[in-house]
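Chemist: Output the structure for:
(chains A, B and C)
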Amino acid sequence: MITVGLFIPCYIDQFYPGAAIATLQLLQKLGVNVVYPARQTCCGQPMANSGYEHLTQGCNDLFIDNFSEFDYIVSPSGSCVLHIKDHLHAHGAEDKALRIRKRIYELTEFLTDVLKVKKLSASFPHKVGVHQSCHGQRGLKLAQMTELTAAPFSKPLQLLNMVEDLQLIELNRPDECCGFGGTFCVAEEAVSAKMGKDRVADHIMNGAEYITAADMSCLMHMEGILRRQKSNVKVIHIAEILNAAHNTVTL
Amino acid sequence: MNTGTKDHARRSETFNQDEARVNWHDETLWFVRAKRDKASHSIPEWEGLRGMASWIKDNVLSDLHRYLLQFEENAIQNGIQVHWAADAEEHNRIVHQILNEKGIDRIVKSKSMLTEECHLNEYLQGKGIEVVDTDLGERIVQLAKEPPSHIVLPCIHKKKEEIGKLFHEHLGTPEGMADPAFLTAAARAHLREKFVTRKAAITGVNFAVAETGEFVVCTNEGNADMGAHLADVHIVCMGIEKIVPLRRHLAVFLRLLARSATGQPITTYSSHFKKPRPGQTMHIVLVDNGRTTQLGRPDFRNSLKCIRCGACMNTCPVYRRSGGHSYHTAIAGPIGSILAPNLDMKKYADLPFASTLCGSCSNVCPVKINIHEQLYKWRQVIVQEGYSARAKTAAMKAMSFTLSNPSVYQFAGKAGRTVLKYVPFAVNNQLNLWYKHREMPEAPEQSFREWYAQNNKT
Amino acid sequence: MSSRTEILAKIKNNQPEFRPLPSEDLIFSGSGGDYTDRDNIQENTETFRTVLTNIGGAVIELHNLAEVGAYISAHYGEGQRIISTLAGLSSLCSPGWENDDPHDLENVALAVIGAHFGVAENAALWITEELMQQRVVPFICQQLAVVLHKNKILATMHHAYDQIGDAPYGFGAFIAGPSKTADIEQSLVLGAHGPKGMTVFLLTEEER
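Modeler: Numbers count the residues shown, from 1 in each chain, chains lettered A, B, ... in the order given. Next up, the predicted model:
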């Protein structure tokens, strides 16, 4: 039986526990032994992306402390996983940091590449738009990028296609950024909000009832805009769709 | 553009006040990105070509000393006079001196972002020399007394009605006339007179071949050629990084350049200048202006591979929604944001933050510059050099402390959720900016940690 | 210390560790692409025609230069100044134009010149100074016509530079279609400062 250390990003822990619960339950359903180290906090990305990488040593040390022993570390967050893969270092514990960087996975890539999931017993009878979070897509290569002349593929889509009754809608701009960008969302508030509005409009125009993604930060940003518009469209983390049992009422 | 010390965020805020206009600007540039995609996807070996171009440019940067000497030697043998300018000031002085010696006070100029960078027009005009920009887009912004907002599409920010108004005022076209074909024809006539009468022409350089001492100028309009082939003096302004080693390497770059820029297979004219026209004098000014410094920065030297295609601007969701002028520098957008801090870190400290680090730019760059990674790295440098707001630093330190100590983080509990609500989102130390256009996320009953502890799943 | 010395010293000091060039073979093949199957004349001509038409040019197939002359005479009237660098078309031109000051070519309605070869992938024609007589000729005329034999169309720019080799021209240009601009709201307009139109006469008869 595979044992996995579950890393839940700070804002999911605090604001969107449903995504974390779904991740945990989904992994368990797939026969994984999930351990949640209680002393975890954050990957350090918000500070690093703002230019304060030099203040992240405390976060890094804590992360290594919590996760260095696991064979696999899984997180329902593409941007956090990318950040760890690119930036986790520690003086005097570099071998541990390297070990973690090689063993950390975002949820969907863990399901397709490690567990090699072929079937899911999930049902989600709704029209769903898939937002390709940038760090997951371009950074972790979770899906092909429209800029490249290369064969199409998508790990999230591969999994969503296993969900019964789910209808995927097509977007006008399949992989444009939503505009969250960490502290960008307030430092460049006008452009951030406009990017979010445009992203949301693309989904609405193409008939989405739900917008899903592998990154809750993008969804949090789009949800803020949707609710300000008093829209009926909801956001939902991909873990919650993949974990959606038949005939359950979704949040 | 030089309206005080407003940074990208402030200028973008102003730009976004007219939402319809932002939509128009965004869609127009996305259309150019789409044309680029159509062209690049039609070449199965596109990614391989990018790899080749990147590799060739890597070689150039690693051997630039030898290549520049080789280029200079060959250019001189071809009959071209070669000058070296350490900075913008010296470049401007050299150009002026060449014109002065010939007693020329009216010139035509084709597109050269280097001359924008050096503020050549202003300098020459200050010395009593009339400069007419002959690229249509550049002529338009010249008449409007604005800088170009895009390196390839200089007046992409202007609507045809505005251009019509400008032409009515300066060229005498009928009031209200805004048809692009009509306006272009008017510009053709207006500029033709300049080409035929001016004795000196300034052009830029797209590529300079070390092997042969020749250089290539790419245009769709033919304005560089109309200027150069009729002038007695041809002055060529070139950044030292424009070198390609061999003539045959031009195949790689010419296949990539126009497709990346506008989706065309090639520009109408790719003019290879090797020798001056009989009876003509040709001068090349090789310009440093901070490039050698950038060359010495291991994290940022790759930015010197840039072939000025503008693809990064067209794909950048932030550029499309803030406009080139928001970057308050000659070269805007993603590439501009990694070049400018090298020139003046204080003045351009805002630019690397004008990005979500989405990475689209790096994917469209024909020479594979890792733009988004350099944006991230510039942020670290700018903060370390002390060009970050003190309030931001304080907030970040508080955040770092909280997130490094699980007991502090957990103890907060509901209060912790509040801390997280406001600390990262109030870096400007103002009222919560998140709330301007977005609802706040709802605080749930329990955090995941609390749920887990309660349910204690193993 | 001169700027030249200063700049060169800085470069020497700051340039990174040497990185050798990719091999010629690798560049030519575009890193994995296979160009050996691209010598098909039929295919190159078709591609050339399609691309040139898309960029606003025109392709007219004729047998020989005499037919080109007849075509031009039929389409251009008295009072429209025509110049040509091609000996077979000298009857169309005012004689001795080659010695005119380039500025005096301002009133040329049509210039008819030759090219070394064409490139199928982008409909560009490679024309050097010797084929222009005066450098300004292909830019200053209102309409440009280029005469080229049908089997002188190469597939890609790699083939083009292979053909050019180390030829010692003083000036040369790839010219693809008429001049144009889309600077006004991305509306494509043919005829910016260079010629408003461009016709390529593709000759099918073997040259004698």
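Chemist: What pLDDT does the model give B:E445?
Modeler: pLDDT for B:E445: 82.
Chemist: does it sit in a helix, a strand or a coil?
Modeler: With DSSP: H, G, I helix; E, B strand; the rest coil as the basis, B:E445 sits in coil.
Chemist: Next, give phi and psi for C:P95.
Modeler: With angles defined as degrees, to the nearest 10, C:P95 sits at phi -70, psi 160.
Chemist: gap between it and C:I83?
Modeler: Here C:P95 is placed at a distance of 10 Å from C:I83 (Cβ to Cβ, to the nearest Å). (Each C-beta comes from the backbone N, C-alpha and C, glycine too.)
Chemist: Please apply the same query to A:T112.
Modeler: According to Cβ to Cβ, A:T112 stands 67 Å off from C:I83.
Chemist: what's near enough to touch residue 134?
Modeler: Since no chain was named, I'll use chain A. Going by Cβ atoms under 8 Å, 6 or more residues apart in numbering or on different chains, A:C134 touches A:S79, A:D175, A:C177, B:T356, B:L357, B:C358, B:G359, B:S360.
Chemist: wait, I meant chain C there
Modeler: Counting by Cβ under 8 Å, 6+ apart, C:Q134 touches B:H229, C:E98, C:D100, C:P102, C:L105.
Chemist: And C:G194, by the same measure?
Modeler: Shown in contact with C:G194 (Cβ under 8 Å, 6+ apart): B:E221, B:G222, B:D225, B:M226, B:T268, B:Y269, C:P138, C:F139, C:L144, C:P178, C:S179.
Chemist: In chain A, where is pLDDT below threshold?
Modeler: Scanning chain A for pLDDT under 70 picks out A:246-251.
Chemist: which residues in it form strands?
Modeler: Counting by DSSP state E, chain A has strands at residues A:3-6, A:33-35, A:72-75, A:104-106, A:127-130, A:167-168, A:210-213, A:234-237.
Chemist: One more: chain B?
Modeler: Taking DSSP E to define them, one finds strands in chain B at B:81-85, B:106-109, B:130-133, B:200-203, B:207-209, B:214-219, B:233-239, B:243-244, B:269-273, B:281-287.
Chemist: again with chain C
Modeler: Using DSSP E, strands in chain C cover C:58-62, C:82-84, C:110-114, C:117-119, C:124-128, C:143-149, C:153-154, C:171-175, C:180-181, C:189-190, C:197-203.
Chemist: Turn those strands into JSON lines, columns for distance to A:Q14, mean neighbour count and mean pLDDT.
Modeler: Shown next, in JSON lines, are the strands of chain C (distance: least, Cβ to Cβ, whole Å; neighbours: other Cβ atoms under 10 Å in any protein chain shown; pLDDT from 0 to 100):
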{"stretch": "strand C:58-62", "distance to A:Q14": "66", "mean neighbour count": "15", "mean pLDDT": "97"}
{"stretch": "strand C:82-84", "distance to A:Q14": "78", "mean neighbour count": "23", "mean pLDDT": "95"}
{"stretch": "strand C:110-114", "distance to A:Q14": "73", "mean neighbour count": "24", "mean pLDDT": "97"}
{"stretch": "strand C:117-119", "distance to A:Q14": "60", "mean neighbour count": "26", "mean pLDDT": "97"}
{"stretch": "strand C:124-128", "distance to A:Q14": "59", "mean neighbour count": "25", "mean pLDDT": "98"}
{"stretch": "strand C:143-149", "distance to A:Q14": "68", "mean neighbour count": "22", "mean pLDDT": "97"}
{"stretch": "strand C:153-154", "distance to A:Q14": "63", "mean neighbour count": "24", "mean pLDDT": "94"}
{"stretch": "strand C:171-175", "distance to A:Q14": "60", "mean neighbour count": "26", "mean pLDDT": "98"}
{"stretch": "strand C:180-181", "distance to A:Q14": "54", "mean neighbour count": "24", "mean pLDDT": "96"}
{"stretch": "strand C:189-190", "distance to A:Q14": "56", "mean neighbour count": "22", "mean pLDDT": "95"}
{"stretch": "strand C:197-203", "distance to A:Q14": "65", "mean neighbour count": "22", "mean pLDDT": "97"}
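Chemist: on that earlier part again, please narrow the contacts of A:C134 to those residing in helices.
Modeler: Mapping those onto helices (DSSP state H) picks out A:S79, B:S360.
Chemist: now the strands of chain C as JSON lines including distance to C:P20?
Modeler: Formatted as JSON lines, the strands of chain C follow (distance: least, Cβ to Cβ, whole Å):
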{"stretch": "strand C:58-62", "distance to C:P20": "43"}
{"stretch": "strand C:82-84", "distance to C:P20": "48"}
{"stretch": "strand C:110-114", "distance to C:P20": "40"}
{"stretch": "strand C:117-119", "distance to C:P20": "29"}
{"stretch": "strand C:124-128", "distance to C:P20": "29"}
{"stretch": "strand C:143-149", "distance to C:P20": "38"}
{"stretch": "strand C:153-154", "distance to C:P20": "28"}
{"stretch": "strand C:171-175", "distance to C:P20": "29"}
{"stretch": "strand C:180-181", "distance to C:P20": "40"}
{"stretch": "strand C:189-190", "distance to C:P20": "44"}
{"stretch": "strand C:197-203", "distance to C:P20": "40"}
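Chemist: can you redo the ones you listed as a markdown table with distance to chain B?
Modeler: Output for these, formatted as a markdown table (distance: least, Cβ to the nearest Cβ, whole Å):
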| stretch | distance to chain B |
| --- | --- |
| strand C:58-62 | 15 |
| strand C:82-84 | 15 |
| strand C:110-114 | 13 |
| strand C:117-119 | 8 |
| strand C:124-128 | 5 |
| strand C:143-149 | 10 |
| strand C:153-154 | 11 |
| strand C:171-175 | 4 |
| strand C:180-181 | 5 |
| strand C:189-190 | 4 |
| strand C:197-203 | 9 |
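Chemist: closest to chain A out of those strands?
Modeler: Closest approach to chain A among the strands of chain C (Cβ to the nearest Cβ): strand C:117-119, 20.5 Å.
Chemist: Could you report the neighbour count for B:S407?
Modeler: 8 (other Cβ atoms under 10 Å in any protein chain shown).
Chemist: follow-up on the earlier one: highest neighbour count among the contacts of C:G194?
Modeler: Within the contacts of C:G194, C:F139 tops the neighbour count with 32 neighbours, counted by other Cβ under 10 Å.
Chemist: which ones are touching that one?
Modeler: Each residue near C:F139 by Cβ under 8 Å, 6+ apart is listed here: B:G222, B:D225, B:M226, B:H229, B:Y269, C:S179, C:H193, C:G194, C:P195.
Chemist: Against C:K180, how distant is it?
Modeler: Taken as Cβ to Cβ, the span from C:F139 to C:K180 is 13 Å.
Chemist: cool, B:L99 as well?
Modeler: 31 Å.
Chemist: How many residues are close by A:D113?
Modeler: Going by other Cβ under 10 Å, the residues that sit close to A:D113 add up to 12.
Chemist: contacting residues around the nearest residue to A:D175 once chain neighbours are set aside?
Modeler: Leaving aside its chain neighbours, A:D175 sits nearest to A:Q132 (4.3 Å; criterion: Cβ to Cβ, 6 or more residues apart in numbering or on different chains). Residues counted as contacts of A:Q132 (Cβ under 8 Å, 6+ apart) are A:L142, A:A143, A:P156, A:P174, A:D175, A:A213.
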